[in-house]
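Enquirer: Generate coordinates for the sequence data below:
(one chain, ligands or ions: 1)
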Amino acid sequence: MLAALSTAPPAAAENAAAAAPAASGAKGRNVKFQDGTIVPALGQGSWHLAQGRHPAADEEQALRTGISLGMTLLDTAEIYGGGRAEEMIGRVIAGQRDRVVVVSKVAPDHATADGIARACAASLARLGTDHLDVYLLHWRTRQTDLGVVVAAFEALREAGKIRAWGVSNFKTSDMEDLFGVPGGDRCATNQVLYNVGNRWIESDLLPWCEQRGMPIMAYSPLGNDSLVHDPALARVGAAHDCTAAAVALAWAIRGGNVMAIPESGSAAHVKENAVALQLTLTPAELAALDSAHPVRPSDVLRSILDRGKSWLHDFRSGE
Ligand SMILES: NC(=O)c1ccc[n+]([C@@H]2O[C@H](COP(=O)([O-])OP(=O)(O)OC[C@H]3O[C@@H](n4cnc5c(N)ncnc54)[C@H](OP(=O)(O)O)[C@@H]3O)[C@@H](O)[C@H]2O)c1
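Expert: The predicted structure is shown next:
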């Protein structure tokens, strides 16, 4: 089980969450992994942190604020800021490791048996921890041997260096390839682009994962800030006395099978975002957002083409 996580039945966890106000640092919505592990539906990203966009002290304060408000899922990667984002998260989680869920990623050019073990050791050193809660393959390249990756992740899991593993930027055809290798179905999550302005996963990947009880981790849930002044989100926010950003995040996590990892180096923004853990959108509000931001036909076409690629591969290999 993942550190810092409850394995209580979902109903119990949700009841406990509902009873507690956000301002006290208590949790809101949760998402359940296949193994029963429960994580908060809202976390914090770190792609642009520790690179001078804000003063480092402000960014660290933002991360600590998020943790205190229940956004305890912290996403990072070995490549973010050349390791500086992991180091910043290491400073933030020092003394509170058991309160947080740490997710990091190995870059595909390290995705060999030895390379993954070395990359994991380096990430652990930068983060100042002896284990990752979830370790992801950042993306797949033509050279990536998924069998090798799964075996390396499983070896790390057995050695206690990681509690769970997953992938990122995998389309449905990639997930099918993954599930085709031994142990591939132990994948805990797939971290992909998902926000109200980009709903490409809805036509295929999201239902595929839901059918297998696998939650999705949504990156860029604010559309890299393009949604924070969106008029349709702002109108819904006005009805709840919250920001468009909070509505965008509540929208992303509305179904119970998606975790969102917004990034912010501003404590004030993090406080706005944390409101999403307690925010339930009404059917009328969801319908208004659907009509302002429908699934694009190009996204449906993209899914059909991806599925076609998968079927062609199966046909050629006689499966
Ligand atoms: N696996 C992958 O390939 C992949 C790819 C992209 C991202 N990610 C992960 O996902 C995380 C989030 O994605 P992202 O950074 O692309 O985009 P995002 O979270 O959608 O947007 C981040 C931007 O929104 C701003 N922001 C946040 N809260 C705000 C608020 N309440 N009001 C106004 N502005 C606000 C931030 O600025 P301030 O700092 O000023 O608040 C920042 O400029 C990344 O940090 C990373 O961990 C993963």
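
Enquirer: So for the residue in the chain positioned nearest to the ligand, what's the nearest residue that isn't a sequence neighbour?
Expert: Using Cβ to the nearest ligand atom, the single residue of the chain nearest to the ligand is Gly45, 2.3 Å away. Placement of C-beta: from N, CA and C, glycine included. Once flanking residues are discounted, Gly45 sits nearest to Glu263: 3.5 Å by Cβ to Cβ, 6 or more residues apart in numbering.

Enquirer: which phi and psi does the residue of the chain closest to the ligand have?
Expert: Dihedral pair for Gly45: phi -90, psi 180, per degrees, to the nearest 10.

Enquirer: ok so, going back, what is the burial count for the residue nearest to Gly45?
Expert: Glu263 has 27 neighbours, counted by other Cβ atoms under 10 Å.

Enquirer: what does the one 5 residues further on give?
Expert: Burial measure for Ala268: 11 neighbouring residues, criterion other Cβ under 10 Å.

Enquirer: Make sure it is indeed in a strand.
Expert: No. Counting by DSSP: H, G, I helix; E, B strand; the rest coil, Ala268 is not part of a strand but helix.

Enquirer: Tell me how far it lies from Pro207.
Expert: 37 Å (Cβ to Cβ, to the nearest Å).

Enquirer: Show me the longest helix that occurs in the chain.
Expert: Longest helix in the chain by number of residues (criterion: DSSP state H): helix 297-316.

Enquirer: so for that one, what's the average pLDDT?
Expert: The average pLDDT within helix 297-316 is 78.

Enquirer: what's the answer for stretch 189-199, then?
Expert: Averaged across stretch 189-199, the pLDDT comes to 98.

Enquirer: circling back: in which helix or strand does the residue nearest to Gly45 reside?
Expert: Using DSSP states H and E, Glu263 falls within no helix or strand.

Enquirer: is it true that it touches Arg53?
Expert: No. The criterion here is Cβ atoms under 8 Å, and Glu263 misses it with Arg53 at 9.9 Å.

Enquirer: and the residue nearest the centre of the chain, helix, strand or coil?
Expert: Geometric centre of the chain, nearest residue: Met217, 2.9 Å, by Cα atoms, centre = their mean. Three-state assignment for Met217 (three-state DSSP): strand.

Enquirer: In contact with the closest residue to it other than its chain neighbours, which residues?
Expert: Take Met217 and drop its neighbours on the chain: the residue closest to it by Cβ to Cβ, 6+ apart is Gln191, 3.9 Å away. Contact partners of Gln191, counting by Cβ atoms under 8 Å, 6 or more residues apart in numbering, are 75, 103, 105, 136, 166-169, 216-219, 261.

Enquirer: is it fair to say Gln191 lies in a helix?
Expert: No. Under three-state DSSP, Gln191 falls outside any helix and is assigned strand.

Enquirer: List the residues that contact the nearest residue to Gln51 once chain neighbours are set aside.
Expert: Among residues not flanking Gln51 along the chain, Gly81 sits closest, at 4.8 Å (Cβ to Cβ, 6+ apart). By Cβ under 8 Å, 6+ apart, the contact set of Gly81 is 48-51, 88.

Enquirer: How about Ala232?
Expert: Counting by Cβ under 8 Å, 6+ apart, Ala232 touches 288-289, 292-293.

Enquirer: and if you look at Asp241?
Expert: Contacts of Asp241 (Cβ under 8 Å, 6+ apart): none.

Enquirer: how much space is there between it and Lys171?
Expert: Counting by Cβ to Cβ, the gap from Asp241 to Lys171 is 39 Å.

Enquirer: same check, this time on Asp145
Expert: Separation of Asp145 from Lys171 (Cβ to Cβ) stands at 18 Å.

Enquirer: Of those two, give the one with the bigger neighbour count.
Expert: The residue with more neighbours, out of Asp145 and Lys171, is Lys171; 23 against 13, by other Cβ under 10 Å.

Enquirer: returning to what we had before: show me what the residue nearest to the centre of the chain is bridged to.
Expert: As for beta bridges, Met217 partners with Gln191, Met259 under DSSP bridges.

Enquirer: where does the stretch 201-319 of the chain come near the ligand, residue by residue?
Expert: Contact residues (Cβ under 6 Å from any ligand atom) of the stretch 201-319 of the chain with the ligand: 219-225, 228, 243, 245, 261-266, 269, 272-273.

Enquirer: Cheers, nothing more for now.
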